[in-house]
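>>> sequence-free structure coming up:
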């Protein structure tokens, strides 16, 4: 009989305007990989965060190792041997791996027997040993900012292990990894399980659950739908329960009809903030009615490429033209008017003013136009009417309609709002930068359908994504970016996922 | 609405705290608070000396409140745009001084107002320019300018413009002063704050400007999220300049209604503490122009009424400053509380 290590009993958690968890009861067994599956805003992060002491439940109780606990802070959760890796890593970027791991629990030495100091030698040694034991390859003396995402994630895992965590919580751990890295990560999970650790995995990627999880809880709109035994359930069943209805996994699309060239990029170079060449002599063209997708591992110049076309950073060389008009040195606003719509990756800091009401976020890039203002005076009724129209047409849900503070909305609905705003401008070029990051399966399908619909209306679409499935699903033409250069451009049907994976790693550096 | 509730809560808690202290000192809290209202001309005093009445008290209360309204509006606008204008004091001083000089050449109230507005705006613009051109933190530059301006002006006053008896600057000529001092009416001697209607109109205009114009929209967006504002195609640097220039201009109006209205001269060697109090008044008013008017009213009741309270109850007028300090502390807490609550959602 397996032992229950953590148990949720009738947990209810409310936030203003929504019930994040509604009477959820489930138990996690010692030594299993327990997945929590659900759409965005289904309440999975909230539920699990309560185990880590980030929130306390409004109703119900949490039991750890059979004892009722009031987990009031992450610190107390750590005392209960519970650790969590957040979606956004919490590491000090100019500290070394070892410094980050021991932070707060530094091994102390005594200089001359009485002056305390941090014994980094011992720390480095301990961490090297720990990383060996669990097969998590890191060099304790590397500085975090020099590491890639996958290594940083290993550091986060080691941080939990160093604190002797027995219950390891992962919040969307694979959202930022490449296919190859995901595979390695899933192996790590399995080895942690073999070492007797209990793992709680929050995700909405069904194939990962299928690959490693023992059991899986499915949440829909805050309610627990089912707890399934993964081995005996199909991914189709899980998906259906998650969204509450059937979904198909590929977007249907008609063959593309290319029109004239809309965007032409020639020899584009962009330097990043550090003065380093992030984009090197990139050239491509996108036609009207074409989805041009750029695949690549995170941090290979995608952000700089998108930002430089949208005008947020200045190129260091090359030419960008749109419908024949040179916009290389134009301002953001001039580009909006020349026909660039842009869905940026960072929806919180760039795409939206989070503390604005929803209705004030819709005209964000057109507020100065005669539709929304006259002689510098805002037309309130247009703001309201526009908000109502977009909320209806694009199914954007919020607690108080246009008057909702955008910050309080779920991530999926925030993204819907950005996409609605940019699509509705009906520009000849639309840049989608990581449009479905962190969205659930239902919402992803919806975005893909919108991308195809934009293509069919005759827009040129530049889709930049780290998600290969997304690229294969939507693209007419695929480009692979590696280390700031485009490695390969080919029609979508000529490339397989494996080919792209190889180009993404910098193999086959011809073309 | 939430903000309003929190501000009211801050006031109530502070008054209770103040009452507690008065009670511990062996004084009557209710009577003391009534003295505050009486001193501000909001309640009838027991007796009045010649040419005085509740109405004259009320008029001098309005006179004291006028610069506070402008100063808190200055802070509120800057905060909307994401700037912490801690230099209102220096801007007030510079504006008051400039207006004094201008009035020496053209003794006219219009000239005083315009000179003050421009002088304040100039200092504000300098802070905005330093921020947008060199990314100098506005807190640092404005507080440094407070000292710079104060010493420059002190030097000038002590050298060329001193009244050797009062050790203050010379007084502004009555024709240019924004307060009609000792105005005879129905046997009373009134101080009439001519700038008060301007303060109310400015508050209303500012409310409209922030909520209903594209400039206001740009200021708010840049204040809440500079990255998003830039993405939206706004000229974030120009907006920063605009915000600080306007904020400085409002501080300038506070300066002239203080140094060329409520007072007639400038005390060398110090900056008016009103510029700092205004930060808290603005917070208490929820950084909302109309809220600032209400908060200025309340804080002025306490500061203006304290003279009468101290003479009636034989307590130090500093007690009033203490109550004000309580209110401002709690208001600052509630501002954070309000923000936290929203973030939790």
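All right, it came through fine. Keep in mind it's a predicted model, so treat the numbers as computed, not measured.
>>> what helices and strands are in contact with the lowest-mean-pLDDT helix or strand in chain A?
None of the helices or strands of chain A scores lower by mean pLDDT, DSSP states H and E than helix A:235-243, at a mean of 77. Packing partners of helix A:235-243 (3 or more Cβ pairs under 8 Å, 6 or more residues apart in numbering or on different chains; DSSP states H and E): strand A:33-38, helix A:206-212, strand A:215-220, strand A:223-229, helix A:441-457. Placement of C-beta: from N, CA and C, glycine included.
>>> got the angle for the very next helix or strand once past the first one vs strand A:33-38?
Past strand A:33-38, further along toward the C-terminus, the next helix or strand under DSSP states H and E is helix A:44-51. Direction vectors for helix A:44-51 and strand A:33-38, defined by axes from the mean of the first three to the mean of the last three Cα atoms, to 10 degrees, enclose an angle of 130 degrees.
>>> who's in contact with helix A:44-51?
Counting by Cβ atoms under 8 Å, 6 or more residues apart in numbering or on different chains, helix A:44-51 makes contact with A:6, A:8, A:11, A:13, A:20-21, A:24, A:36-38, A:55-57, A:62, A:64, A:71, A:77, A:82, A:84, A:167, A:169, A:171, A:200, A:202, A:219, all of which sit outside it.
>>> in CSV, list the helices and strands packed on helix A:235-243 along with distance to residue A:123 and mean pLDDT.
Rendered in CSV, the data for those read as follows (distance: least, Cβ to Cβ, whole Å; pLDDT from 0 to 100):
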stretch, distance to residue A:123, mean pLDDT
strand A:33-38, 30, 90
helix A:206-212, 31, 86
strand A:215-220, 37, 90
strand A:223-229, 40, 90
helix A:441-457, 42, 89
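>>> inside helices: which ones of the contacts of helix A:44-51?
residue A:77 (DSSP state H).
>>> if we can go back for a sec, give me the angle between the least confident helix or strand of chain A and helix A:441-457.
90 degrees.
>>> which parts of helix A:235-243 are buried?
A:238-239, A:241-243 (16 or more other Cβ atoms under 10 Å in any protein chain shown).
>>> dump those into TSV; add distance to residue B:24 as well.
Listed next are the buried residues of helix A:235-243 as TSV, based on distance: Cβ to Cβ, whole Å:
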residue	distance to residue B:24
A:238	67
A:239	68
A:241	65
A:242	63
A:243	64
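>>> which of these sit farthest apart?
A:238 and A:243 (10.0 Å; Cβ to Cβ).
>>> picking up where we left off before, could you identify which of the helices and strands packed on helix A:235-243 is most buried?
Mean neighbours per residue, mean count of other Cβ atoms under 10 Å in any protein chain shown, is largest over the helices and strands packed on helix A:235-243 for strand A:33-38, with a mean of 27.
>>> that strand packs against which elements?
So strand A:33-38, by 3+ Cβ pairs under 8 Å, 6+ apart, packs with helix A:44-51, helix A:179-194, strand A:198-203, helix A:206-212, strand A:215-220, helix A:235-243.
>>> list the pairing partners of the third one within its sheet, with orientation.
Just to be clear, that refers to strand A:198-203. strand A:33-38 (parallel), strand A:167-171 (parallel) (DSSP bridges).
>>> and the angle for it with helix A:179-194?
150 degrees.
>>> avg pLDDT for strand A:198-203?
Averaged over strand A:198-203, pLDDT sits at 92.
>>> check contacts around the residue lying closest to residue A:363 once chain neighbours are set aside.
The shortest distance from residue A:363 to any residue other than its chain neighbours is 4.6 Å, reached at residue A:372 (Cβ to Cβ, 6 or more residues apart in numbering or on different chains). Residues counted as contacts of residue A:372 (Cβ under 8 Å, 6+ apart) are A:363, A:366, A:378-379, A:382-383, A:386.
>>> wait, residue B:182 touches residue B:189, no?
Yes. With contact defined as Cβ atoms under 8 Å, residue B:182 counts as touching residue B:189 (5.0 Å).
>>> per-residue confidence for the closest residue to chain B within chain A?
Nearest residue of chain A to chain B (Cβ to the nearest Cβ) works out as residue A:333 at 3.4 Å. For residue A:333, the pLDDT comes out at 95.
>>> more crowded one of residue B:182 and residue B:189?
When residue B:182 and residue B:189 are compared for neighbours, residue B:189 comes out ahead with 15 against 11, by other Cβ atoms under 10 Å in any protein chain shown.
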